[in-house]
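A.B. asks: what follows is a predicted protein model with its sequence.
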Amino acid sequence: MNTTRRDAVLGGLAFGAGAAAFPLTGCSAADGNADPALTKVTVIGAIHGRHRDSKRYSLDVLRRAIMRAEPDIVLSELPPDQIEEARCSFAETGKITAPRARVFPELTEVAFPLSKLMGFRITGNAGWSRELAANRTAALERIENDPVRASQWAEHLAARAAYSRELDGRGDDPHFIHTPEYDAIVERAQTPYQTYFDADLGSGGWTQINRAHNDLIGETLDSVAGKGLKALVIFGSWHKYMIERALIMRSDIELLPARSLFD
């Protein structure tokens, strides 16, 4: 079998790594003359289990978007310590046994099967851990039941309720999800949570968990820098604005809009 440059680059990732709305400019060349060595990065916001029930953003819709993106590498919301188990179980049985993968049909039912067809590699880039999730749940329960912090919790719930109203039935519309308007709505919804609870939640707080995601995403992008590959980041849609905010600071990528993948 002939080995291509793409095969060589992706082979090196087998044991590698695995993070207010902004316009997708910055590292992109406005005149269309982008450096061909730049990594072309697109961020897709997923809706996890809702993909199974949504007609507008079904697993088939997502599948077509990924095929249109033609990625060389997919950066996923699996933690690094589970990605190799996911790869091996899929290769051996066609199923994903990694515990965290069960909540991500965009991976188990779409990305992994497509990786066999299209030849892209999937990396684990989530800062999540079971311990982190348990500690966060316990901390939020304490905050919710603390009378001294009742006003903070009420503001948090009000922000989430406003989010639901502002979506106005568009929460599963991939064209809307991939807009600055959607990102701004999410950021407003998370502001009280981030402001009041970050210190209590530590590594599970909104600031820190997104920083952990972005650090792992950055490590993977570092490992393919200068090769002119196409990278597709697939994370929950609420994380999208935080990921793009970090990516816009890189000079070695061209950040591409995802919305056109759903036309």
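C.D. replies: Happy to help now that I have it.

A.B. asks: so where do the strands sit in the stretch 51-200 of the chain?
C.D. replies: 73-76, 121-124 (DSSP state E, counting those that start in this stretch).

A.B. asks: for the last one, packing partners?
C.D. replies: Spelled out, it's strand 121-124. Identification of packing neighbours for strand 121-124 by 3 or more Cβ pairs under 8 Å, 6 or more residues apart in numbering; DSSP states H and E yields strand 73-76, helix 80-93, helix 112-118. Using the backbone N, CA and C atoms, a C-beta is placed for each residue, glycine as well.

A.B. asks: and the contacts of the longest one?
C.D. replies: With contact meaning Cβ atoms under 8 Å, 6 or more residues apart in numbering, helix 80-93 is reached by 15, 17-18, 76, 78, 95-101, 107, 112, 116, 122-126, 216.

A.B. asks: rewinding a little: can you say which of the helices and strands packed on strand 121-124 is nearest to residue 248?
C.D. replies: strand 73-76 (16.1 Å; Cβ to Cβ).

A.B. asks: would you indicate which residues of that closest one are buried?
C.D. replies: The neighbour-count check on strand 73-76 (16 or more other Cβ atoms under 10 Å) flags 73, 74, 75, 76 as buried.

A.B. asks: biggest separation within those residues, which pair?
C.D. replies: 73 and 76 (10.0 Å).

A.B. asks: on the three-state scheme, the residue nearest in space to the middle of the chain is what?
C.D. replies: For the chain, the residue sitting closest to the mean C-alpha position, by Cα atoms, centre = their mean, is residue 235 at 1.9 Å. Classification of residue 235 using DSSP: H, G, I helix; E, B strand; the rest coil returns strand.
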